[in-house]
Every structure is written in structure tokens, then in C-alpha cells.
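**Student:** Sequence and computational prediction follow.
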Amino acid sequence: MKTKIIVTISRYNGTPEILAKMLEAGANVFRVNMSHCTHAQADDLLESILDAEKISGIKAMIMIDLAGPEVRLLGLTKPLDCSGDCIIELSKDGVHVSLPGWEKQLTHGMSVLLQDGKFKGKVIVVDNTIRISLSGQGQLLPNAHVSLPEIEYPHDFVSHKDVSDLQYALKIKADYLAVSFVQNAENIRYYRELIEQSSDKKKPEIVAKFESRQSLNCIDEIIEEGDCFFVARGDMGVENPLELIPYYQKLILKKCNNAGKEGFVATQMLSSMSNNLLPTRAEVTDIANAVLDGASGVTLSDESAIGKYPVESVKMMKTIAEKAEEYKDEILGLV
């Protein structure tokens, strides 16, 4: 089968026995998401992968997925009730954003997303005081994640964690290094420079993740600079209109194919199988359509990392992708 099966793993479903069964079921790449993993935990997973390879007799590729630049809401000392509309005030000495020069970049009417999109806001500038009008339900928590879709982050705005995790990826000789929240080609060049500084002979392929609004404005230059690419539909759907996800998936994969580079699709591909033995018909169609779109790989996330049926999810994904490959030429020949 040509289509790679990328499987996200965690300590919950990361025993050698389960990983071996995943390999036997068709897994090709084990993805370790560093947003939820320490180096010690990753070491345990890598040891389990080695044991799984011995049990199954099948070699796995390793993908280290960086958390990406984390912009947080700082200075909020306790949860803020935002059930309905509320306003928060930003200042250098009070509640503020952990992005260099943030106060110079926010302008009236600019969109702000907080707590992974749970709260949507607009910037209101009144008498040089920056306020954000928020809509949403529940409590805004201290240290909440902040998404600023209309702001260009500095190309060297890289967290200490990402640098440490990149060095870890080099140490373990990972096959892929996924870079989160890429905004432009300069971001990729910056990470490549960090990689090239290493004396290790084996260098991971850089997987640029299309998810930020800025990345979708410079698709061609990012594809030219990167090695492989993720259509990362989770955060893409937070920073961009949901109805445009199919368009960008097809566009990015088409451009990847034209460039002769790998393009992967991720997020909720078999989401219902986290708790159920069978997928929805929509999920089956989603995976098949990704293959028809030219995806080089399809991805399991929660389904394999923390789901009840990780092995069954891999088997199902392989079955769907394999069948789609069989009729791909027929369908494309009708277009």
C-alpha cells in the first residue's frame, strides 16, 4: 500500500504489545506529540517501540511533533466567568499576551481566539487601552492559549521547549520533525538552520503543518521550502472558517503532488472509533477522499493515542485507504 498510516501514540496505548499489533495492522509511522509528552515519557515510548519491532518483526518510522510557539494569556490570577459577553483589559503590567511587542500589533477590530477557540474575541482600542470583547460560555482560565490569526509572529519566535524537543528528535534519530503553526517559509528555514547545526549525520525531514491563517496565504513558498506537509485540520479549523477546510485540503495536496512531496492529512479521521468499534460512514468517506485527493499519509490522533480501540482503528484506516487506492485511477479517470 502506498498511503502511509501515521499513528499518534501515548503512554495510555503505548505498551509494546499494543504497538506491535498496530504495526501488524498496518501502522507505518508512530507520531509522538510533544505538546503532551516529556522527554522521559518519550523515552519510555521509544523503548516500547523497539520492543514492538522485535515482537512484530516490522520496522517503524518515528515522527516527533513539536508543540509550536505558545502564546499565552498571562497575568490572569483566577478564572474569569465569561458565560455570555465579557470584556478583558490588557496592559503591560497586568493581563497581557506572551508575544514580544504584542501591544504594538493589536489593532481595533482584530480577531483573538482564546483557550483553543472556546472564546472568540475582537480587539477594542479605547484611549490607548486595549480591551478584548469576548463571546463564549464557561470560564476563561489563567494561562489560556491565545491565537492571533491576523498577526505575523517573528520567525525566530521559538519556545525553549521546541528547541529542546528538536534536539531530542535529533538525538533519537527521528525520521520526521513536524513543525507546528508555520506561518511562512522563513519559519522552516530557521528550523532547518537549527537542524544543520547538529553534527548528527541523519537529519529528520521537516514536516510543515498548514494550520495558521498566515500559512494558507503563502502555500507555494512553504511547499518549496519544506520536505513534507500536514493538512492539520484541527487548528486550521480554529483559525479559519470551517467550510474552507475541504478547499485547502484539496489545494495543498494538489500542490504537494505537483512538487513531488509528501502531504499528510490529520484530525478526526476516525474520531468516533475512540469509543466505538465501527466508524461513521462520513469518516470512511473522509479517509477515502483524502487518498483520492493525493494524500501520502492519513493520521490517527485520539483514536490511537487514548481511544478504546487503537488496533481496530489502524486496521480500519488501512482497509479504507487500501480500497481507495484500488479504485483511485478509475475515479480520477472520470474527472
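**Tutor:** On my side now, so go ahead.
**Student:** Name the spans of this structure whose pLDDT lies under the cut-off.
**Tutor:** Residues of the chain that meet the criterion pLDDT under 70 lie in 335.
**Student:** how far away is the residue located most distally from the centre of it from Cys228?
**Tutor:** The outermost residue of the chain relative to its centre, with distances by C-alpha atoms, centre = their mean, is Asp127 at 38.5 Å. According to C-beta to C-beta, to the nearest Å, Asp127 and Cys228 sit 48 Å apart. No exception for glycine: its C-beta is placed from N, CA and C like everyone else's.
**Student:** what does Gln167 give?
**Tutor:** Using C-beta to C-beta, Gln167 is found at 20 Å from Cys228.
**Student:** What separation is there between the residue nearest in space to the middle of the chain and Ile245?
**Tutor:** Centroid-nearest residue in the chain: Ala232, 5.0 Å away (criterion: C-alpha atoms, centre = their mean). Distance of Ala232 to Ile245, given as C-beta to C-beta: 10 Å.
**Student:** And Val126, by the same measure?
**Tutor:** For Val126, the distance to Ile245 - C-beta to C-beta - is 35 Å.
**Student:** one step back: may I have the phi/psi pair for the residue farthest from the centre of the chain?
**Tutor:** The phi/psi pair for Asp127 (degrees, to the nearest 10) reads phi 50, psi 50.
**Student:** same check, this time on Leu90
**Tutor:** Torsion angles, degrees, to the nearest 10, at Leu90: phi -110, psi 140.
**Student:** Likewise for Asp293?
**Tutor:** phi -70, psi -10.
**Student:** cool, and Asn187?
**Tutor:** Dihedral angles for Asn187 - degrees, to the nearest 10 - are phi -60, psi -40.
**Student:** And for Met34?
**Tutor:** phi -70, psi -10.
**Student:** quick one, what contacts the residue nearest to it when sequence neighbours are not counted?
**Tutor:** In this structure, Met34 finds its nearest non-sequential neighbour in Asp165, 4.5 Å apart by C-beta to C-beta, 6 or more residues apart in numbering. Listed by C-beta atoms under 8 Å, 6 or more residues apart in numbering, the contact set of Asp165 reads Met34, His39, Ile64, Leu66, Ala67.
**Student:** With adjacent residues omitted, what lies nearest to Asp81?
**Tutor:** Per C-beta to C-beta, 6+ apart, closest to Asp81 is Gln139, 5.7 Å.
**Student:** re earlier: neighbour count winner among Gln167 and Cys228?
**Tutor:** Cys228 (22 against 15; other C-beta atoms under 10 Å).
**Student:** and the longest helix anywhere in the chain, which residues are buried?
**Tutor:** Longest helix in the chain, counting residues (DSSP state H): helix 310-334. For helix 310-334, a neighbour-count test (16 or more other C-beta atoms under 10 Å) marks 310-318, 320-321, 324, 328 as buried.
**Student:** Can you name the residues bridging to Ile132?
**Tutor:** Going by DSSP bridges, Ile132 is paired in beta bridges with Ile88, Val123.
**Student:** Was I right to think it contacts Lys120?
**Tutor:** No - proximity of Ile132 to Lys120 does not meet the contact threshold set by C-beta atoms under 8 Å, at 10.0 Å.
**Student:** any residues in contact with both of those two?
**Tutor:** Val112.
**Student:** Those two: who's more crowded?
**Tutor:** Per other C-beta under 10 Å, whichever of Ile132 and Lys120 has more neighbours is Ile132, with 24 against 16.
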